[in-house]
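Asks: here is a sequence with its predicted model. Questions after.
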Amino acid sequence: MRWRLLRRRLSISAPRMTVRSHMAWPVRWAVWAVSLGFSGALALWAFEFGKGIAGLDRESRVSAQALTEVRQQLEAVRLDRERAQSIANTADSLLKAERATQARLAEEVKALEMQNQALKDDLGFFERLLPASGDGLSVRGLQADQPAAGQLRFQLLVMQQGGRALPDFKGRYEVLLSGTQDGRAWSMPAPAVTRPLQFKQYQRIDGLAEYPAGAVVKQVQVRVLDEAGQLRATQSLKL
């Protein structure tokens with residue numbers, strides 16, 4: 001029996017024995033990490049080496065440089081556009097200011113023309129007056145026209161002469177109208193206009209009188225009365 005056991009152990013059919021060295025797990029993990037890092041570094045080197053051989057790195061640098069140039073050109077265009085917009089805004093503001101100035105000057109010229117025309121009218125009115133002689137109150141330069149049916153516009157000048165120390169005149173003036181209506185003589189039963197009057201040396205009077213639309217005015221008479229109702233001056237005008 002012993003012989004059989006001894007022969008089995010020494011024969012080929014004896015069981016194999018495996019010898020393993022014992023290694024701690026942190027060491028094993030460290031070895032694995034170093035191996036993976038080395039493999040990754042080797043792969044990255046191979047990739048970069050391949051890019052260099054294929055010219056991809058050079059093309060990448062060229063593309064980056066072209067992109068930088070395009071960005072610089074775009075920035076220059078943007079600055080040019082902003083300057084052009086600023087110039088356009090300034091020109092528009094100047095144009096608006098010039099238009100406003102022209103409009104204001106046109107209004108001032110129109111106002112001056114109106115004043116000039118008024119002065120011409122006054123000058124013509126005074127030039128048509130006869131030179132006054134003597135003392136007392138007088139009516140000068142009576143004018144009248146009919147702007148519309150039933151309306152008569154009149155203009156006159158009342159003057160007081162007799163020295164510098166004249167008292168103020170106080171009274172009223174009346175405008176009387178007469179003519180024809182329906183083929184017969186016609187006159188208004190009462191003055192068409194009655195207004196108070198007060199002045200020192202002279203007073204210019206403008207007014208509008210109304211009368212029946214069917215009447216035809218042939219004569220205009222202006223009377224000046226004092227406070228007591230006494231007639232002081234009169235003038236008539238035939239149309």
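Replies: Noted; the coordinates are in hand. Here the structure is a predicted model, which is why all the values come from computation and not from measurement.

Asks: for the helix or strand Lys170 falls within, which positions count as buried?
Replies: Per DSSP states H and E: Lys170 is located in strand 169-181. By 16 or more other Cβ atoms under 10 Å, the buried positions in strand 169-181 come out as Phe169, Gly171, Arg172, Tyr173, Glu174, Val175, Leu176, Leu177, Ser178, Gly179. The C-beta positions use only the backbone N, C-alpha and C, and glycine is treated the same way.

Asks: where does this structure dip in pLDDT?
Replies: By pLDDT under 70, the weakly predicted segments of the chain are 1-63, 122-135, 162-164.

Asks: strands along that one, start to end?
Replies: All strands of the chain, identified by DSSP state E, fall at 136-145, 151-161, 169-181, 184-187, 193-199, 202-210, 215-226, 231-238.

Asks: and those strands as JSON lines, adding distance to Arg83?
Replies: As requested, these are exported to JSON lines (distance: least, Cβ to Cβ, whole Å):
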{"stretch": "strand 136-145", "distance to Arg83": "65"}
{"stretch": "strand 151-161", "distance to Arg83": "64"}
{"stretch": "strand 169-181", "distance to Arg83": "73"}
{"stretch": "strand 184-187", "distance to Arg83": "82"}
{"stretch": "strand 193-199", "distance to Arg83": "69"}
{"stretch": "strand 202-210", "distance to Arg83": "62"}
{"stretch": "strand 215-226", "distance to Arg83": "74"}
{"stretch": "strand 231-238", "distance to Arg83": "74"}
